[in-house]
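Trainee: Pasted the sequence and its predicted model underneath.
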Amino acid sequence: METLVFLFPQFNFLAPKEEAFFKELSPEDLQKTRMKDDMARLKADRKSRLSLVFKSGSHENVSPVKTTKTASNNISPEAALTWSDSFEELLKDSDGVETFSQFLRTEFSEENIEFWLACEEFKSIDAETKLLSKAKHMYAVFIESNSPKEVNIDHCTKVAIQKNMGQPTSSCFDSAQSKVYGLMKKDCYPRFLKSDLYLRLTSRRRAAGATMMRRRSRSCVFNERGEETSSR
């Protein structure tokens, strides 16, 4: 005699086993398990957010003014030449900041200008809750060891900033910003003025000046006394 077996897939036969497993756990064990799960989720979320910042490759996320790549043809040679007056003049010009940022990217040190811009924005924040959130974000991106865009500052300055993270003030990044500013001014800025990127922007005016001198020399002749006269 054949035996008929009826299967009911809608029934979950593993449920009693799972219920028995959780019944065997004490309340303390259940709490520890939940805490471990929560910590794992927090770590995964933090890693995900930092990876997004690292992959961005742009300072739009941290700069006070969202800048776009400026075509070199739109920058006049006269404006570009003013950047050589001083590093301060360069930072006053939005085109100068963007061009300098492009140069730093070629040297893989764009985190310096990004951090400086972030500090400028940070000092303008009035709301205490927003100040705390921004401070923690900047610390995670620029200050913390092995952070995505860690700036080159000394250990003591890092420790001082870390201590202020509980109750940050608008000046808690001033020391680090000053050090990064000095590094850019003394090290990066002189190389920028000698770079092909900058020389291309200013070469048009220099070339135009040389052409005018050549034209003038062709239009002038000298008489027997050595006096300059017009060839017209």
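Mentor: Thanks, I have it.
Trainee: Okay, now the unreliable bits of this protein?
Mentor: Scanning the chain for pLDDT under 70 picks out 1-73, 204-232.
Trainee: Now Leu132: which helix or strand?
Mentor: Leu132 is part of helix 128-138, with elements assigned from DSSP states H and E.
Trainee: ok, and what's touching the helix or strand that comes right after that helix?
Mentor: Next in sequence after helix 128-138, counting helices and strands by DSSP H and E, comes helix 155-163. For helix 155-163, contacts defined as Cβ atoms under 8 Å, 6 or more residues apart in numbering pick out Tyr139, Ile143, Ser145, Cys172, Phe173, Ser175, Ala176, Lys179. Every residue, glycine included, has its C-beta placed from N, CA and C.
Trainee: and which of the residues you listed is nearest Glu89?
Mentor: Of all the contacts of helix 155-163, Glu89 sits closest to Lys179, with 21.3 Å by Cβ to Cβ.
Trainee: And for the closest one, the neighbour number?
Mentor: 15 (other Cβ atoms under 10 Å).
Trainee: tell me the contacts of it?
Mentor: Per Cβ under 8 Å, 6+ apart, neighbours of Lys179: Ile153, Asp154, Thr157.
Trainee: By neighbours, which of the residues you listed wins?
Mentor: Top of those by neighbour count (other Cβ under 10 Å): Ile153, with 19 neighbours.
Trainee: Let me know whether it touches Asp174 as I believe.
Mentor: No. Using Cβ atoms under 8 Å as the test, Ile153 is too far from Asp174 to be in contact (11.9 Å).
Trainee: The residue lying closest to Glu150 once chain neighbours are set aside and Phe173: what is the separation?
Mentor: What sits nearest to Glu150 in space, not counting adjacent residues and going by Cβ to Cβ, 6 or more residues apart in numbering, is Phe142, at 6.4 Å. Distance, Phe142 to Phe173, by Cβ to Cβ, to the nearest Å: 9 Å.
Trainee: roughly how far apart are Leu104 and Gln167?
Mentor: Distance from Leu104 to Gln167, by Cβ to Cβ: 33 Å.
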